[in-house]
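In: Need coordinates for the following:
(2 chains)
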2 protein chains.
Amino acid sequence: MAKFINIPEHSHFPLQNLPYGVFKPRGAQAPRVGVAIGESILDLAELAAAGCFQGSQVGSTQCFAEPSLNAFMSLGRVAWQEARGIIRSLLTGEESRLETDPDLRQRAIHPMSEAELLLPAQICDYTDFYSSKYHAANVGALFRSRENALTENWLHVPIGYHGRASSVVVSGTPVVRPSGQVAPAPGSKAPTFQPSAMLDFELELAFFVGPGNELGKPVPIEKARDHIFGFVLMNDWSARDLQRWEYVPLGPFLAKNFATSISPWVVPLEALEPFLCPAQPQDPEVLPYLRQQRRETYDIQLEVALKPERAAEATTISRTNFKHVYWTVDQQLAHHTVSGCNLRPGDLLASGTISGPDDGSLGSMLEMSEGGKKSVLLADGETRKRLHDGDEVSLTGYCQGPGYKVGFGSCSGKILPAYAFATEPS
Amino acid sequence: MAKFINIPEHSHFPLQNLPYGVFKPRGAQAPRVGVAIGESILDLAELAAAGCFQGSQVGSTQCFAEPSLNAFMSLGRVAWQEARGIIRSLLTGEESRLETDPDLRQRAIHPMSEAELLLPAQICDYTDFYSSKYHAANVGALFRSRENALTENWLHVPIGYHGRASSVVVSGTPVVRPSGQVAPAPGSKAPTFQPSAMLDFELELAFFVGPGNELGKPVPIEKARDHIFGFVLMNDWSARDLQRWEYVPLGPFLAKNFATSISPWVVPLEALEPFLCPAQPQDPEVLPYLRQQRRETYDIQLEVALKPERAAEATTISRTNFKHVYWTVDQQLAHHTVSGCNLRPGDLLASGTISGPDDGSLGSMLEMSEGGKKSVLLADGETRKRLHDGDEVSLTGYCQGPGYKVGFGSCSGKILPAYAFATEPS
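Out: Below is the predicted model of the structure:
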């Protein structure tokens, strides 16, 4: 146990977790890398400046003094394991520098509540997969038909598309309702331009790439995890009416590129390893480049809560689990690179909406409302078929260990009214 | 006229052009920003170090000593015009520093043939549009049917999708033939994994974004050009067989993400302004946010040449023009941001394949071969329906002024054989 940091009983950030993030302590100018522990942040830039990482691989870099995790991500698993070991020792070791040096403790431990949490990485490419079969079938049935719910390729290809990296924002960033074109009304031939009237959330998990691969050199599936740094929660906000009109033939564009929220703390793969679990069997058998000796995913419990602006409290509207994905992260990464596509440190690869098998485990309002036909009942008696201005959506998730949680904290965002365009163009 | 730099008569890089790029002079370690002039490169980092930009906006930055144009791009049009004016004066002014200081001339002028030309910007987001109606109709007829060639939304929405930024490479980089899944053969239910057997090029132009916009704040169409720095040629290599199997419902992925080549010299908007010309009329009328008082594009002559490995010479297989696009760059930029999506300096927005109205003006082999039905005849008697290993595709383009060209140089790439996968997975 850390003797000098209080870790509340149900904290998402006990010693078993040690997730990385980027933050600014109160009053500081320069963002730096930190680790969440209980309700505090350990300032790795201060610890590095004090020589705590000397002799290790990160010790010869300035990677914790940077405003993003990219440099640290690029170092690879051996460096990550070494850094994690040092951080653990500092927190728990007998006579550790943190224990014996009160000045260092003062400089290197900040209350999380007083810090500004920033985007953990500079993201140059963001890819969104579509890896829950329950979700793909639900959405396919609504956008096409129950018979054609899964497209012909879905059981063979881990379908994904390139998303917009610039609009990935950190939890807490407000989300402006997007405007765009929607399909012509019945009887009309012309589309209309309007604020989206079908704004939705999507519950996802995403991982950051560590070391990349060279262009033209695919990553074999058995090596995929060497390229995965850690995971965050993601809300892939979606404007369903914009999407429906624009997505044929080249995929979603404006319907998704106005904001994608992620949680600030990146849970390292090491912290998730105790929660590996078998992935769904695949039928038909996939092509050799997608086959794994052990198909595994992670047992991560996930929840979605919605709080209307004037509501006293949030209502939990979904409880699901990451184990419900059909395509594993290893398959996603191997597929992404099989063409020769290069990944770079800090790239973000997301799961797609994580829906489970039953009504209470759906990852989007589109599915909960069956395409707008059914209302979702909230505490205080309000109902929803889509998101209203002022609504705040919060995702959370954790792995349950014996007596502790390895958690992701929260990924939240509140809907602001649409941008006010001039009524007529100049 | 520059007195100390020879500019050959048909050069793409006369004083009227002055395109920017990033390069390493022979023997130098650090990449820096330069300007192409005739067959030479003007080293802006050396000129800046010698104080030539003092008193101007760039003079207070180190932006020419950086390995990318992003910082310069972010400064905006006033800074660009000022820098362009200074560069012109240095090359042509009476008693300019370059004329009077032979040591500076020695340090600041490099033969282009001895320099390494690099990617001009760090690209964090790359978007590809689909703005030639001729191309969209040709491809739609092949992938769907002549009747459904243009999707219902095409005449209303400047269709685009997010491409892969990491695999944008500079002209000259070899292109490894991608492998991936192709649709089940007739009578089979399972797809196969193989090197693409339908590799293609796409002739495009792309522009780099200068100053970006804030998330949630759309750029009105009349301000779009303030955000455009300049243009390059682009070859959006495409694996048609991979594309056909994967693109429903979320768009192209592996079919495009293995390589996208661009020319090294970014032709600034200022150099293209004399070549503005009316854009195609649009019918039906578009929504107000896409309307322009003057719809303009640029009169840029474009050519595609193909050289098989053992051929003595390249064959020009297409001659077309950028004026054939239906959606203007202003419309693309306004549409991209209308949802609130933020652009950042160095983002790349591409036109999509530029095809003209007749058989000699098609921008892809898919169209030239009518989907593999017809052969394209090359010099030396070879024929092509798709690209073979060893084939080199070179794009070029220029604006014809009175007695001079404003050119783009060349964008070329040679196809290497597919990556050799182990025959069986481990």
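In: for the residue nearest to A:Ala239 when sequence neighbours are not counted, what are its contacts?
Out: Excluding the flanking residues, the one nearest A:Ala239 by CB to CB, 6 or more residues apart in numbering or on different chains is A:Ser196, at 3.7 Å. For every residue, glycine as well, the C-beta is placed using N, CA and C. Going by CB atoms under 8 Å, 6 or more residues apart in numbering or on different chains, A:Ser196 touches A:Arg177, A:Pro178, A:Ser179, A:Gly180, A:Val182, A:Ala239, A:Arg240, A:Asp241, A:Leu242, A:Ala418.
In: now with 10 Å?
Out: Taking CB atoms under 10 Å, 6 or more residues apart in numbering or on different chains as the criterion, A:Ser196 is in contact with A:177-180, A:182, A:237-243, A:254-255, A:258, A:386-387, A:418, B:339.
In: Narrow the residues you listed to those in strands?
Out: A:Ser179, A:Gly180, A:Val182, A:Ser238, A:Ala239 (DSSP state E).
In: hmm, back to that, selection in ChimeraX covering whichever of the contacts of A:Ser196 are buried, please.
Out: In ChimeraX syntax, the buried subset of those is picked out as below (16 or more other CB atoms under 10 Å in any protein chain shown):
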select /A:177,178,179,180,182,237,238,239,240,241,242,243,254,255,258,386,387,418 /B:339
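In: follow-up on the earlier one: from the ones in strands among the contacts of A:Ser196, pick the one nearest chain B.
Out: Ranked by distance to chain B (CB to the nearest CB), the ones in strands among the contacts of A:Ser196 are led by A:Gly180 at 5.3 Å.
In: Specify the beta-bridge partners of that closest one.
Out: According to DSSP bridges, the residues that bridge with A:Gly180 are A:Gln194.
In: can you tell me which residues contact it?
Out: Applying CB under 10 Å, 6+ apart to A:Gly180 gives the contacts A:191-196, A:239, A:241-243, A:245-246, A:253-255, A:258, A:418, B:157, B:218, B:287, B:289, B:335, B:338-340.
In: Pull up the gap between the residue nearest to A:Ala239 and B:Glu382, please.
Out: To B:Glu382, A:Ser196 is 52 Å away according to CB to CB, to the nearest Å.
In: out of everything not next to it in sequence, what's closest to the closest residue to chain B within chain A?
Out: Using CB to the nearest CB, A:Gly251 is the residue of chain A that sits closest to chain B, at 2.6 Å. Excluding its sequence neighbours, the residue lying closest to A:Gly251 (CB to CB, 6+ apart) is B:Gly251, at 2.6 Å.
In: thinking that neighbour is in contact with A:Tyr161, fair?
Out: Yes: under the criterion of CB atoms under 10 Å, B:Gly251 makes contact with A:Tyr161 at 5.1 Å.
In: Kindly list the main-chain dihedrals of A:Ala45?
Out: Per-residue torsions, A:Ala45: phi -70, psi -40 (degrees, to the nearest 10).
In: How many residues are close by the closest residue to it other than its chain neighbours?
Out: Nearest non-adjacent residue to A:Ala45, counting by CB to CB, 6+ apart: A:Arg32, 3.7 Å away. Using other CB atoms under 10 Å in any protein chain shown, the number of residues around A:Arg32 comes to 21.
In: Next: A:Leu233.
Out: A:Leu233: 27 surrounding residues under other CB under 10 Å.
In: Tell me what A:Ser412 is bridged to.
Out: Beta-bridge partners, per DSSP bridges, of A:Ser412: A:Ser394.
In: which ones are touching it?
Out: Counting by CB under 10 Å, 6+ apart, A:Ser412 touches A:171-173, A:175, A:233, A:235, A:261, A:263, A:305, A:307, A:314, A:392-396.
In: now swap in A:Ile86 and tell me
Out: Contact analysis of A:Ile86 by CB under 10 Å, 6+ apart lists A:Leu44, A:Leu47, A:Cys52, A:Phe53, A:Gln54, A:Gly55, A:Ser56, A:Val58, A:Gly59, A:Gly93, A:Ser96, A:Arg97.
In: hang on, it in a helix?
Out: Yes: A:Ile86 forms part of a helix when assessed by DSSP: H, G, I helix; E, B strand; the rest coil.
In: What does the pLDDT read for it?
Out: At A:Ile86, the pLDDT value in this model is 98.
In: My read is that A:Arg344 contacts A:Thr127, right?
Out: No: A:Arg344 is beyond contact range of A:Thr127, at 11.8 Å (criterion: CB under 10 Å).
In: list residues touching both of the two?
Out: By CB under 10 Å, 6+ apart, the residues touching both A:Arg344 and A:Thr127 are A:Val209.
In: Between the two, point out the one with more neighbours.
Out: A count of neighbours by other CB under 10 Å puts A:Thr127 above the other of A:Arg344 and A:Thr127, at 24 against 19.
In: For that one, which residues are in contact?
Out: Under the criterion of CB under 10 Å, 6+ apart, the neighbours of A:Thr127 are A:160-163, A:165, A:206, A:209, A:332-333, A:336, A:341, A:343, A:347-350, B:162, B:164, B:253, B:257.
In: If we use 6 Å, what do you get?
Out: Counting by CB atoms under 6 Å, 6 or more residues apart in numbering or on different chains, A:Thr127 touches A:Gly160, A:His162, A:Leu349.
In: which element is it on?
Out: Here A:Thr127 sits within strand A:126-129, counting by DSSP states H and E.
In: Break chain A down into its structural domains.
Out: Chain A breaks down by automatic domain parsing into domains covering A:20-118, A:126-416.
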